[in-house]
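A.B. asks: Here you go, sequence then predicted model.
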There are 2 protein chains.
Amino acid sequence: MERHFQKELESLKTSLVKMGSVVEESIATAIRSLMEKKTELAAKVIETDKRIDALEIEIDNAIIDLLALQQPVASDLRFILAALKINNDLERIGDHAVNIAQAAQILCTIPNADLLDEIPKMAEITRNMLKDAIDSFILLDPAKARIVLTTDDQIDNLNRTVIKTVIDQLKSNKQTAECGLEISLISRNMERVADLATNIAEEVIFHTQARVVKHHAEDRR
Amino acid sequence: MERHFQKELESLKTSLVKMGSVVEESIATAIRSLMEKKTELAAKVIETDKRIDALEIEIDNAIIDLLALQQPVASDLRFILAALKINNDLERIGDHAVNIAQAAQILCTIPNADLLDEIPKMAEITRNMLKDAIDSFILLDPAKARIVLTTDDQIDNLNRTVIKTVIDQLKSNKQTAECGLEISLISRNMERVADLATNIAEEVIFHTQARVVKHHAEDRR
């Protein structure tokens, strides 16, 4: 029974890694669609979201079975509940990838849209945060998780810079209203992805150190 | 043991109702702060978020204890896992209330900000959705939950109208860039609250009818 349980836990981890890499890829593809002005890539992200939704339900059901059949306690129970939350966070990140892809589709049709330098920078940092967050969970490595937490400030700052730049551009008519709103939307969606990666990292720290670092003071904008 | 378990389940429901009403109040207060131009109300929302975060952790811990000590199976297990997700959704709604309150603080300082009629309309509908979603969970009433699902389209439409109006206003210089971005931010945050209320309603339908209506085709923007 115990060996069987360990095997199922490993299988749960593998599923989450798979879900994580699909979601990570979606964010990267959404940004590529934007930077390379390829609407077909945005369409791919929207299509992939169905797979992410299906994966979420599959993992949820596996977790329910694991809880019902194995009745884990103590740290195993906490690990499985953390997996449930992380699964939910990953699905939400998939939704943000769709939002970014939809904005990219609009921006692709606008000839002189100024895609601020901060956008690809945010994309790269966010993608690394997401990767580190998932790795930290799989390896149960709180040090890696803490890196995610400190990186979140960079994204918050970049988001603020983007919003400020967009406002300045709109005032001086250097960007159309449509572009400005879409770019600020992309920036805010990336900032939300970074927040969700931070949630995952906080779960890992909470799980490994049984200490609440959730809801640390932060500027959400 | 069984009676004790039922008592703990009731206590969990009561905690979620309490959490739900605090969150509902936060959304309402954030919107009042905006409409009545009272920054002190926005500050209250930001302050209340700490209480919401503490409540989330308290409920999470109660759920972990319930799972570990009572080892529920079948429908009790599913109910408790639904409660865990709903608790998480409510905390996120609290975060959106903070976002709206922060935008209200900025808009309060701008003399001629045009707070579109759609905004209070969205606020009222969203608040009712949230109330219905929580009620549907407590009463395990899928009919009530379905009302939430159908209402979500109204919010999506209102959000699109707001974004379109803001773009038109920015183009014709009838609204400053700062106002336009903050108003579109508020609209999108309300749309996210409606999505989260919809998530809760979907959990209820899933739980009561063991049928996946999650991830129904929807326009997220």
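C.D. replies: Ah, there it is.
A.B. asks: Now do A:Arg160: how many residues are near it, please.
C.D. replies: 15 (other C-beta atoms under 10 Å in any protein chain shown). Where you see a C-beta, it was placed from the backbone N, CA and C, and this is true even at glycine.
A.B. asks: which intervals of chain A have sub-threshold pLDDT?
C.D. replies: A:1, A:210-221 (pLDDT under 70).
A.B. asks: all helices of it, in order?
C.D. replies: For chain A, the helices defined by DSSP state H cover A:2-35, A:39-70, A:74-108, A:118-139, A:142-171, A:177-209.
A.B. asks: tell me how far the first one is from the chain's mean position?
C.D. replies: Per C-alpha atoms, centre = their mean, to the nearest Å, the displacement of helix A:2-35 from the mean C-alpha position of its chain is 11 Å.
A.B. asks: buried stuff in that helix?
C.D. replies: For helix A:2-35, the neighbour count (16 or more other C-beta atoms under 10 Å in any protein chain shown) marks A:8-9, A:12, A:15-16, A:19-20, A:22-24, A:26-34 as buried.
A.B. asks: Can you name every helix or strand that it contacts?
C.D. replies: helix A:39-70, helix A:74-108, helix A:118-139 (3 or more C-beta pairs under 8 Å, 6 or more residues apart in numbering or on different chains; DSSP states H and E).
A.B. asks: surely A:Lys121 meets A:Leu158?
C.D. replies: Yes - applying C-beta atoms under 8 Å, one finds A:Lys121 in contact with A:Leu158, separated by 6.3 Å.
A.B. asks: who has more neighbours, the two?
C.D. replies: A direct count of neighbours by other C-beta under 10 Å for A:Lys121 and A:Leu158 places A:Leu158 higher, at 22 against 16.
A.B. asks: Run through the residues that contact A:Leu107.
C.D. replies: By C-beta atoms under 8 Å, 6 or more residues apart in numbering or on different chains, A:Leu107 lies in contact with A:Leu34, A:Lys37, A:Ala113, A:Leu115, A:Cys179, A:Glu182, A:Ile183.
A.B. asks: do that again at 6 Å, thanks
C.D. replies: Taking C-beta atoms under 6 Å, 6 or more residues apart in numbering or on different chains as the criterion, A:Leu107 is in contact with A:Ala113, A:Glu182.
A.B. asks: so what's A:Ala93 up against?
C.D. replies: Residue A:93: Ile, not Ala. Counted by C-beta under 6 Å, 6+ apart, A:Ile93 has contacts A:Val23, A:Val193, A:Leu196.
A.B. asks: if you set the cut-off to 8 Å instead, what comes out?
C.D. replies: Contacts of A:Ile93 by C-beta under 8 Å, 6+ apart are A:Val23, A:Ser26, A:Ile27, A:Leu130, A:Val193, A:Leu196, A:Ala197.
A.B. asks: Closest one of the residues you listed to chain B?
C.D. replies: Of all the contacts of A:Ile93, chain B sits closest to A:Leu196, with 10.0 Å by C-beta to the nearest C-beta.
A.B. asks: State the number of residues packed around the nearest residue to that closest one once chain neighbours are set aside.
C.D. replies: Residue nearest to A:Leu196 in three dimensions, not counting chain neighbours: A:Asp89, with 4.7 Å by C-beta to C-beta, 6 or more residues apart in numbering or on different chains. For A:Asp89, the number of neighbouring residues by other C-beta under 10 Å comes to 23.
A.B. asks: again with A:Gln70
C.D. replies: 17.
A.B. asks: Just to check, it is in contact with A:Leu12?
C.D. replies: No - in this structure, A:Gln70 is not within contact of A:Leu12 by C-beta under 8 Å, at 11.0 Å.
A.B. asks: Just the buried residues of stretch A:37-57, please?
C.D. replies: So for stretch A:37-57, counting by 16+ other C-beta under 10 Å, buried means A:Lys37, A:Leu41, A:Ala42, A:Lys44, A:Val45, A:Ile46, A:Thr48, A:Asp49, A:Ile52, A:Asp53, A:Leu55, A:Glu56.
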